[in-house]
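*Asks:* Task: produce atomic coordinates for the following.
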Amino acid sequence: LERSNRGVKLTEAGEYLLGEALRLSSRADGALERARELERRGARSVRVGSSFLNPAQKLVDLWSRVGTADIGVHIVPYSDERGRILDVVASLGRELDFMCGVFGSRLMFERAGFLELGRLALCVAVPKGHRLAGRERLSLADLAGERLIMCRRGDAEQLDAPRAELERSCPGLTVVDTDFFYDLDTFNEAALSGSLLLSFEMWSGVHPALVTLPLDWDYTVSYGLLHAPDISGAPAEFAARLREALRGAGKK
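*Replies:* Next comes the predicted model:
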């Protein structure tokens, strides 16, 4: 907020935060109404957690191709806040049946099962005023001498090999450790410090001051659904149909 003798008004950051809050509130209201509709119809349904950083669009697209209407998908918003995300994982089987997103943390996999829906290429988010922001694609050589934020070694096995490649192939690169569980503060840190951030194409619109660029390498990470270790009923049938659809599509 900006305060003056004429009153109080939102800063540019405040306007952005307000817009996102209103959007999330609208999605929550829509999800609640859909849940009530399914309850009135007596339809079987599964509760899929979706968030700002981990939207459910890829899952919805896949489920629409399965072509079945006897199991409804109820989208439930959850918070990306890193201090609460493991509590959301712990709610699987009670408040949620599935969580949709980019997952690879050993702390998550110790608490839940996982259904992989596909793979996402690792990219680099660059502050818009940075010297690399105008590039269409980055090479490892472009990262030499830069400061790159990524999750610390050991949190996610899928990211340890890319980290080793960066340290080996990018002279002078400073790798800055952050928590595996990205939230909006992670993107704010990159934007405000002028640092690069290891990211994904699906996060290209998360922060208005960052541009997401592909990187010339072949590293990818899992995108999919976390679920309770033991599932049955509609959630188990839902997962089985998704697996069948993935086998038919070759996980494309």
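*Asks:* Pull the contacting residues for the residue most central in space within the chain.
*Replies:* Centroid-nearest residue in the chain: residue 54, 3.2 Å away (criterion: CA atoms, centre = their mean). Counting by CB atoms under 8 Å, 6 or more residues apart in numbering, residue 54 touches 80, 99, 100, 101, 102. Every C-beta, even on glycine, is put in place using the N, C-alpha and C of the backbone.
*Asks:* can you rerun that using 6 Å?
*Replies:* By CB atoms under 6 Å, 6 or more residues apart in numbering, the contact set of residue 54 is 100, 101.
*Asks:* How about residue 144?
*Replies:* Neighbours of residue 144 in contact, by CB under 6 Å, 6+ apart: 170, 171, 172.
*Asks:* So which of the residues you listed wins on neighbours?
*Replies:* Among the contacts of residue 144, residue 170 has the most neighbours (other CB atoms under 10 Å), with 19 neighbours.
*Asks:* wait, isn't that residue in contact with residue 142?
*Replies:* No: checked against CB atoms under 6 Å, the pair residue 170 and residue 142 is beyond contact range at 8.6 Å.
*Asks:* that older thread, which element, helix or strand, includes the residue nearest to the centre of the chain?
*Replies:* Using DSSP states H and E, residue 54 is not contained in any helix or strand.
*Asks:* What pLDDT does the model give the residue nearest to residue 96 when sequence neighbours are not counted?
*Replies:* Spatial nearest neighbour of residue 96, excluding adjacent residues (CB to CB, 6 or more residues apart in numbering): residue 49 at 4.5 Å. Listed pLDDT for residue 49 reads 95.
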